[in-house]
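**Q** I need the structure of the sequence given here:
(4 chains)
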Number of protein chains: 2
Amino acid sequence: MARPPRFDIDQILDAAVRLAASAGPGGVTMSAVAQAIGAPSGSMYHRFAGRTALLAEVWLRTVERFQEGYLAGLHGEADPLTAARRAARHVVSWSRAQPEEAALLLYGAAEFGRADWSEEHTRRADSGNERVYAAIGELAAALGAADDRGRDRITLALIDLPLSVVRRHMRAGAPLPPHAEDLAEECAAALLA
Amino acid sequence: MARPPRFDIDQILDAAVRLAASAGPGGVTMSAVAQAIGAPSGSMYHRFAGRTALLAEVWLRTVERFQEGYLAGLHGEADPLTAARRAARHVVSWSRAQPEEAALLLYGAAEFGRADWSEEHTRRADSGNERVYAAIGELAAALGAADDRGRDRITLALIDLPLSVVRRHMRAGAPLPPHAEDLAEECAAALLA
DNA sequence: AGATTATTAGAGGTGGGTCTCTAATAATCT
DNA sequence: AGATTATTAGAGACCCACCTCTAATAATCT
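**A** Predicted coordinates for the structure are as follows:
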């Protein structure tokens, strides 16, 4: 029915991830991505409404890939404390396995132009976040810390703290040391006690 | 001996801080800063060698202001555990008092173009960081955790974790809740136990 | 084979930011 | 008062990225 595409969406997003990891969200320009895969700029605009849409897609694909494994870890285990330890660990091990995508997570949706996103993109982002916060809320209830301060502390232990472990090393340009997973897990456990 | 300046350096840096806090480091353009204070673009280049130099100066002034109080808190107290609690607390209370400058701290030197800085600027940044790491190393020794893992954990407790508390709220566009200082202090203490 | 159509291909307009350059200005110093 | 000089003032060149637009292309479908 039509000419087959030479450049598919994932190929473009992969290049965008590489650029964002090495030069930050600001380095993800339409021309830079096009050049990285050898495509003319016109093809970029055939796939994405504009730079804003490209930034939203690359951010959302990355976050959704991360959240998939993260939520699976949180839900798969009956014992809440074990689930919590596993979640903290997952943040680090996922980052070790996907260092470029992890570099994206260390920024925020705001840096990827969230303020200018379409309603559809914003909805997708909210939906993912809500699922994570719901799971953390359940876990907080199971641990008997369902008030605001308890939830804040658990969010810190299961998301922010492991991400900080990753950030400290990656921002320094260094790979994650072997004990990073242990560190994140032990610290998370200490915060939950 | 000469015509007196109408725009002094601090006035320019103040405007740069405001722009960076609201639009990120990318929003700090020479023209935007000039427009913000009503100066012609030529005056900007009279004070700063270029955009790179402006970004370095605004980052360094902010970090040095923060580190001053942070180091004072770490050194002023004999009991290492009390000093540690106070340091964690300081990160949050300083951010509450200087929300715009705190917004800068949540980025990193890399976002302010560190790769392109002059040698002099890079040296200033390194020197400040070294003083902080030295102080944390001393505190780790006093707490009997002088190995790599111990220092990592203490760095996490005294810097990264309090910053995460600040980041979570400020990135959501919300002011810091009243219990933020307590949260940071309690979590830091939990990590040191 | 011929029509159809999604896609490639890339030239070029537009806008905004960086930086340079020249002239005017307003202080201090002799 | 007049010379000196750091600074203001702003016009404009240059560059890069975003985005649009038209034509060519290469598959599938009848």
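**Q** nearest residue to A:Trp59 other than its sequence neighbours?
**A** Excluding the flanking residues, the one nearest A:Trp59 by Cβ to Cβ, 6 or more residues apart in numbering or on different chains is A:Phe112, at 4.1 Å. C-betas here are computed from N, CA, C, even on glycine.
**Q** cool, and A:Glu57?
**A** Distances taken as Cβ to Cβ, 6+ apart put A:Leu13 closest to A:Glu57, at 6.3 Å, once the chain neighbours are dropped.
**Q** Contact partners for the one you found?
**A** Shown in contact with A:Leu13 (Cβ atoms under 8 Å, 6 or more residues apart in numbering or on different chains): A:Glu57, A:Val58, A:Arg61.
**Q** By neighbour count, which of those residues wins?
**A** The most crowded member of these, judged by other Cβ atoms under 10 Å in any protein chain shown, is A:Val58 (25 neighbours).
**Q** Contact partners for it?
**A** Here A:Val58 is in contact with A:Leu13, A:Ala16, A:Val17, A:Ala20, A:Val28, A:Leu104, A:Phe112 (criterion: Cβ under 8 Å, 6+ apart).
**Q** List the buried residues for the helix or strand harbouring the third one?
**A** What it means is A:Val17. Per DSSP states H and E: A:Val17 is located in helix A:9-23. Within helix A:9-23, the residues that qualify as buried are A:Ile12, A:Leu13, A:Asp14, A:Ala15, A:Ala16, A:Val17, A:Arg18, A:Leu19, A:Ala20, A:Ala21, counting by 16 or more other Cβ atoms under 10 Å in any protein chain shown.
**Q** any idea of the mean pLDDT in it?
**A** Average pLDDT, helix A:9-23: 97.
**Q** Output it as CSV, nothing but the C-alphas.
**A** Provided in CSV are the C-alpha atoms of helix A:9-23 (Å, rounded to 0.1, in the frame of the first residue of the first chain):
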residue,chain,number,x,y,z
ILE,A,9,10.1,5.2,15.7
ASP,A,10,12.1,3.1,18.1
GLN,A,11,15.2,3.6,16.1
ILE,A,12,14.6,7.4,16.4
LEU,A,13,13.9,7.2,20.1
ASP,A,14,17.0,5.1,20.7
ALA,A,15,19.1,7.8,19.1
ALA,A,16,17.3,10.4,21.2
VAL,A,17,18.1,8.4,24.4
ARG,A,18,21.8,8.3,23.5
LEU,A,19,21.8,12.1,22.8
ALA,A,20,19.9,12.9,26.0
ALA,A,21,22.3,10.7,28.0
SER,A,22,25.4,12.3,26.7
ALA,A,23,24.3,15.9,26.2
